[in-house]
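coords please:
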Amino acid sequence: MRVLLVIILAGLIGTCSSAPSILDQVFETGELRVVTRDSPTAFTIGPNGPSGPEFDLAQAFAKELGVELVIEPVDSVSEIVPKIVSGDAHMAAAGLSITESRREYLNFGHPYKSVDVHLIYKLGTGKPRSVEDILDRSIEVVASSSHVDLLTSLRMAYPELSWVENADVEFADLLAKVAMDDIDLTVADSPDFNIQRHFYPDLRIALDLEIGDPIAWAFPKGTGDSLLARADQFLIEARRSGVLARVQDRYFGHTKKFDYVGTRNFIRHYEKRLPRYRLMFEQAGRRWGVDWRLLAAIGYQESHWRAQAVSPTGVRGIMMLTEATADYLRIEDRMDPESSIFGGARYFVRQTERVADTVGEPDRTWMAMAAYNVGFNHIKDARMITEWEGGNPDSWIDLRKALPLLSQRKWYSRVPYGYARGWEPVLYVNNIRAYYNILKWLTANEEIPEIDELDEQQDQELELFDLADSDAPEESA
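Numbers count the residues shown, from 1 in each chain. Below you'll find the model as predicted:
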């Protein structure tokens with residue numbers, strides 16, 4: 001394969017003097033062809049269309065150039081270099097590390113982020129504390145990945161080091177194999193590990209094999225640096241303007257754990273922010289038969305009780321309603337606290353009503369909460385996977401194991417509604433349950449005030465939320 005690539009590259013170099021630069025080709029065709037990986041850390045296609053951090057950045061770059069973005073997705077890292085060298089793609093935006101072996105065929109642009117590279121093991125199997133400790137352990141890595149280069153360099157000092165290269169798996173698959181005791185160790189970049197550790201809690205970092213490994217876009221050699229230079233300008237400006245940080249937060253911000261610092265912040269916001277909206281939560285809870293503290297916990301998870309909150313995806317208000325959900329609820333101003341809280345309560349109750357009658361409490365509430373976040377159709381998909389895996393689809397404990405699988409190709413390709421960032425509703429429910437427990441603790445010894453009967457005007461306004469089920473949008477946030 002390498003010999004073939006060199007021959008192709010030589011042919012390209014031999015003719016590049018008469019060919020227009022890649023940037024000129026992009027402008028002439030009106031298309032920017034980008035190869036990327038079909039992976040949650042790069043690019044995926046779900047029911048709502050394409051998404052992913054690499055897609056978002058490439059889309060913004062194409063828009064700046066004034067051309068259409070054409071994505072060339074591949075299933076494995078090993079397919080990326082041939083796509084570039086053959087001219088099928090103008091560039092690669094695939095979360096590639098800059099390695100010497102790749103430099104033989106590619107030029108790399110300005111690194112736009114860095115990742116740490118970890119050696120991963122399972123808790124209880126014995127933590128390796130040095131490379132010497134892994135010489136007799138089974139190690140598996142993704143073929144043609146930068147991890148192969150890293151292990152190859154380590155073998156110069158440790159000739160007995162061996163591993164298996166697998167071209168048919170994703171990084172997430174190997175982490176799952178470690179968690180299932182199928183292999184002893186694997187190598188993972190920090191973004192992949194940070195996502196997977198939430199639903200494989202026994203995974204641990206044994207060693208940091210590399211800190212701050214630079215990630216960059218890649219371009220073909222011998223065709224000029226015009227496109228590379230424009231991409232560098234774009235990424236540098238994206239970092240300066242905060243666009244890059246927002247993209248990373250959108251896809252990786254969920255990996256932050258709920259911790260003691262978060263608890264302290266919650267209590268501070270309970271004292272400072274919640275009093276402004278508490279009566280509204282209490283009234284909405286009374287209206288819809290839901291503990292107001294649960295509604296308040298949802299509101300905190302959604303917006304930290306900020307009425308003017310706006311997310312990068314366009315959801316707004318305390319309960320972070322989408323425009324479609326607001327239209328369904330006949331809400332004109334999502335920023336109005338009362339409208340948002342009452343609307344969010346009604347929408348949550350609607351999700352509860354959609355959960356199968358065979359599901360009891362509290363599982364019913366947790367599933368409705370997950371549906372509020374990810375959409376009820378994805379909950380149905382996760383129930384199917386739970387059954388396939390021999391679990392109980394009426395159990396939240398079993399369902400929460402299946403939801404993250406919706407981000408893995410071998411699973412989301414088999415269900416009706418496709419890809420979902422399935423780890424998000426799991427974290428979402430976990431956080432809300434924690435906030436709810438804190439609220440119950442904070443209010444346990446206080447006398448709950450009596451709520452006055454809603455006046456006639458409020459009753460008329462609340463009738464707007466008694467809507468036909470068939471018109472309900474699929475997701476609220």
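
need the nearest residue in space to residue 214, chain neighbours excluded.
The shortest distance from residue 214 to any non-neighbouring residue, by Cβ to Cβ, 6 or more residues apart in numbering, is to residue 111 (3.6 Å). Just so you know, the C-beta spots here come from the backbone N, C-alpha and C atoms, and that holds for glycine as well.

so where do the strands sit in the chain?
Secondary structure of the chain (DSSP state E): strands located at 31-37, 44-46, 49-51, 68-74, 91-97, 106-108, 113-122, 139-142, 164-166, 185-189, 203-220.

paired strands for the third one, with orientation please.
This points to strand 49-51. With DSSP bridges as the test, strand 49-51 is paired with strand 44-46 (antiparallel).

quick check: mean pLDDT of the strand it pairs with?
In this model, strand 44-46 has an average pLDDT of 76.

also stretch 314-322?
For stretch 314-322, mean pLDDT rounds to 86.

list the contacts of it.
Residues from elsewhere that reach stretch 314-322 (Cβ atoms under 8 Å, 6 or more residues apart in numbering): 277, 298-299, 302-303, 305-311, 323, 329, 331, 334-337, 339-341, 343-345, 347, 473, 475-477.

show the end-to-end separation of it, please.
7 Å (Cα to Cα, to the nearest Å).

and what of stretch 162-169?
One end of stretch 162-169 sits 19 Å from the other (Cα to Cα).

now swap in stretch 70-87 and tell me
Length of stretch 70-87, first residue to last, Cα to Cα: 14 Å.

next: stretch 185-195.
Its start and end residues considered, stretch 185-195 measures 17 Å (Cα to Cα).

what's next to that stretch, contact-wise?
Here stretch 185-195 makes contact (Cβ under 8 Å, 6+ apart) with 40-41, 95, 97, 115-121, 128, 134, 137-141, 147, 150-151, 171-172, 174-175, 177-178, 196, 203, 205-206, 209, 213, 252, 254-255, 407, 423.

one more pass at 7 Å, please.
If you take Cβ atoms under 7 Å, 6 or more residues apart in numbering as the criterion, stretch 185-195 is touched by 41, 115-121, 134, 137-141, 147, 150, 171-172, 174-175, 178, 209, 252, 255, 423.

pull out the buried members of those.
Neighbour-count burial (16 or more other Cβ atoms under 10 Å) is assigned, among the contacts of stretch 185-195, to 41, 115-121, 134, 137, 139-141, 147, 150, 171-172, 174-175, 178, 209, 252, 255, 423.

from residue 108, how far off is the nearest residue in space to residue 238 that is not next to it in sequence?
Nearest residue to residue 238, sequence neighbours excluded (Cβ to Cβ, 6+ apart): residue 244, at 4.4 Å. For residue 244, the distance to residue 108 (Cβ to Cβ, to the nearest Å) stands at 17 Å.

one more: residue 150?
Distance of residue 150 to residue 108, computed by Cβ to Cβ: 17 Å.

try residue 247
Using Cβ to Cβ, residue 247 is found at 19 Å from residue 108.

now residue 385
Distance, residue 385 to residue 108, using Cβ to Cβ: 38 Å.

out of the strands of the chain, which gets the lowest mean score?
Lowest mean pLDDT of the strands of the chain: strand 44-46, a mean of 76.

stretch 157-177: how far from the chain's middle?
23 Å (Cα atoms, centre = their mean, to the nearest Å).

name the residues of it that are buried.
161, 163, 166, 169, 170, 171, 172, 173, 174, 175, 176, 177.

in CSV, list these along with distance to residue 364.
Listed next are those as CSV, based on distance: Cβ to Cβ, whole Å:
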residue, distance to residue 364
161, 51
163, 46
166, 40
169, 36
170, 33
171, 35
172, 30
173, 32
174, 35
175, 31
176, 29
177, 34
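
what is the nearest of the residues you listed to residue 73?
Using Cβ to Cβ, residue 170 comes nearest to residue 73 of those, at 12.8 Å.

wait, that closest one sits on residue 40?
No. The pair residue 170 and residue 40 does not pass the contact test of Cβ atoms under 7 Å, sitting 8.9 Å apart.

quick check: the residue nearest to residue 342 when sequence neighbours are not counted vs residue 298, distance?
Excluding the flanking residues, the one nearest residue 342 by Cβ to Cβ, 6+ apart is residue 284, at 4.9 Å. As for residue 284, its distance to residue 298 is 11 Å (criterion: Cβ to Cβ).

next one: the longest helix along the chain to chain centre, how far?
Counting residues, the longest helix in the chain under DSSP state H turns out to be helix 423-443. The chain centroid and the centroid of helix 423-443 are separated by 20 Å under Cα atoms, centre = their mean.

and if you look at stretch 415-426?
Here stretch 415-426 is found 10 Å from its chain centre; the criterion is Cα atoms, centre = their mean.

what of stretch 364-373?
With Cα atoms, centre = their mean, you get 18 Å for stretch 364-373.

likewise for stretch 32-52?
Computed by Cα atoms, centre = their mean, the chain-centroid distance of stretch 32-52 equals 12 Å.

neighbouring contacts of that stretch?
Residues outside stretch 32-52 that contact it (Cβ under 7 Å, 6+ apart): 26, 53-55, 58, 62, 65, 67, 69-75, 77, 80, 83-84, 89-95, 170, 191-192, 251, 407, 409, 417-421.

what residues sit buried inside it?
For stretch 32-52, the neighbour count (16+ other Cβ under 10 Å) marks 32-46, 50-52 as buried.

using PDB, list the CA coordinates for that stretch.
Coordinates of each C-alpha in stretch 32-52 appear next as PDB, following Å, rounded to 0.1, in the frame of the first residue of the first chain:
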ATOM      1  CA  LEU A  32     -14.600  21.900  -0.700                       C
ATOM      2  CA  ARG A  33     -14.200  18.100  -0.500                       C
ATOM      3  CA  VAL A  34     -13.200  17.000   3.000                       C
ATOM      4  CA  VAL A  35     -12.500  13.500   4.200                       C
ATOM      5  CA  THR A  36     -13.300  12.700   7.800                       C
ATOM      6  CA  ARG A  37     -14.000   9.700  10.100                       C
ATOM      7  CA  ASP A  38     -17.500   8.400  10.800                       C
ATOM      8  CA  SER A  39     -17.100   8.900  14.500                       C
ATOM      9  CA  PRO A  40     -18.800  10.900  17.300                       C
ATOM     10  CA  THR A  41     -15.500  12.700  17.800                       C
ATOM     11  CA  ALA A  42     -15.400  13.800  14.100                       C
ATOM     12  CA  PHE A  43     -18.600  13.400  12.000                       C
ATOM     13  CA  THR A  44     -21.900  11.500  12.200                       C
ATOM     14  CA  ILE A  45     -25.200  11.600  10.400                       C
ATOM     15  CA  GLY A  46     -28.300  11.400  12.600                       C
ATOM     16  CA  PRO A  47     -32.000  12.000  12.100                       C
ATOM     17  CA  ASN A  48     -31.400  15.700  12.200                       C
ATOM     18  CA  GLY A  49     -28.600  15.600   9.600                       C
ATOM     19  CA  PRO A  50     -24.800  15.700   9.900                       C
ATOM     20  CA  SER A  51     -23.000  16.800  13.000                       C
ATOM     21  CA  GLY A  52     -19.700  16.500  14.800                       C
END
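
thank you kindly, that will do.
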